[in-house]
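Asker: Show me how the following folds:
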Amino acid sequence: NTSPGFAVAFASGVLAFGRFAVGEAPCHGLRGVAVEGIHADAVAAVRFAHGYNLITSLQPLGACAERGVVSGGLDGLLRIWDPATGAENTQIITDHARGINDVAVSPDQGDQQLLS
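Answerer: Next up, the predicted model:
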């Protein structure tokens, strides 16, 4: 599936993944695609992705999130998700007693590192 995907974190603690339905750009001279909707069969949602704590950061792992999506939250945990299914693949315990404000991902695909 080559349509672009998305990950959205809501204040209610829901983390949603999906794929856009796209078409040709509507105007002459524009390159790219026009978003026409969301593929209903490609949406996965996780309630309380970080318990009852706020999700504070989302970053793709890889240029197109082909290695997953990492989220950080006020619970002090980093979680790596499969955006196709919404399944949590990995949970990383950190020393952040007051939660995680942001997550950075190194661009190196070989030995990718997370910084929180």
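Asker: Tell me the confidence at G110?
Answerer: Listed pLDDT for G110 reads 65.
Asker: Spit out the contact partners of G5.
Answerer: G5 makes contact with F17, G18, R19, F20, A42, C64, A65, P83, according to Cβ atoms under 8 Å, 6 or more residues apart in numbering. All C-beta spots, glycine's among them, are computed from the backbone N, C-alpha and C.
Asker: One more: S71?
Answerer: Per Cβ under 8 Å, 6+ apart, neighbours of S71: A9, L15, A49, H50, I55, S57, L58, L78, R79, W81, V103.
Asker: Show me the beta-bridge partners of it.
Answerer: Following DSSP bridges, S71 is listed with bridge partners L58, R79.
Asker: Mind pulling up the pLDDT for it?
Answerer: For S71, the predicted pLDDT is 89.
Asker: quick one, phi/psi of A40?
Answerer: A40 adopts backbone torsions of phi -60, psi -30, taken as degrees, to the nearest 10.
Asker: List the residues that contact the residue lying closest to Y52 once chain neighbours are set aside.
Answerer: Distances taken as Cβ to Cβ, 6 or more residues apart in numbering put G13 closest to Y52, at 6.4 Å, once the chain neighbours are dropped. Applying Cβ under 8 Å, 6+ apart to G13 gives the contacts R47, F48, A49, H50, G51, Y52, N53, L54, I55.
Asker: Which helix or which strand is home to the fifth one?
Answerer: What it means is G51. Here G51, judged by DSSP states H and E, is contained in strand 49-52.
Asker: Helices of this protein, residue ranges please.
Answerer: Secondary structure of the chain (DSSP state H): no helices located.
Asker: Select the longest strand from it.
Answerer: Longest strand in the chain by number of residues (criterion: DSSP state E): strand 15-24.
Asker: Pairing partners for it, with directions?
Answerer: strand 5-9 (antiparallel), strand 33-38 (antiparallel), strand 44-46 (antiparallel).
Asker: quick one: least confident helix or strand in the protein?
Answerer: One helix or strand of the chain scores below all others by mean pLDDT, DSSP states H and E: strand 33-38, with a mean of 77.
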